[in-house]
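Participant: Here you go, sequence then predicted model.
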Amino acid sequence: MHEIIEEIEKEQLKEQVPEFSVGDTVKVSNRIKEGEKSRIQVFEGVVIKVQNESNRATFTVRKLSNGVGVEKTWPLHSPNVEKVEVVRRGKVRRARLNYLRNRIGKDAKVKEVIR
């Protein structure tokens, strides 16, 4: 039974997975279906958490919208996630950036990696 589940999960994986990590600023293009029409909506923010586990891998992005913090969690291999584009690379020393929830303005920024 376990082998059958693994085969089904392998079929659902995306072939090309974007490389990003915690602290990066990304643009997530999300497909939204409204009735019969579908459109792509872009959500730009800082990656505060990445959870990797085969086809159930998820990542959480946080942004400030009109002074209110908004977080969204997406499955990495979802067909609704059209693409993930890295805008800036962040320099962080933690795996989870939960402390950003308590910060406002310039304090909520992540240092950029200069390459």
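Facilitator: Here it is on my side, so go on.
Participant: pull the helix or strand with minimum mean pLDDT from the chain.
Facilitator: Every helix and strand of the chain was ranked by mean pLDDT, DSSP states H and E. The lowest is helix 2-12, at a mean of 84.
Participant: Can you tell me what sits against that one?
Facilitator: Outside of helix 2-12, the residues within contact range by C-beta atoms under 8 Å, 6 or more residues apart in numbering are 54-55, 77. For glycine as for every other residue, the C-beta is placed from the backbone atoms N, C-alpha and C.
Participant: can you give me the offset of it from its chain's centre?
Facilitator: In terms of C-alpha atoms, centre = their mean, to the nearest Å, the centre of helix 2-12 is found 24 Å from the chain centre.
Participant: what's the burial count for the closest residue to residue 87 other than its chain neighbours?
Facilitator: Once flanking residues are discounted, residue 87 sits nearest to residue 25: 4.5 Å by C-beta to C-beta, 6 or more residues apart in numbering. The local packing count at residue 25 equals 20, with neighbours defined by other C-beta atoms under 10 Å.
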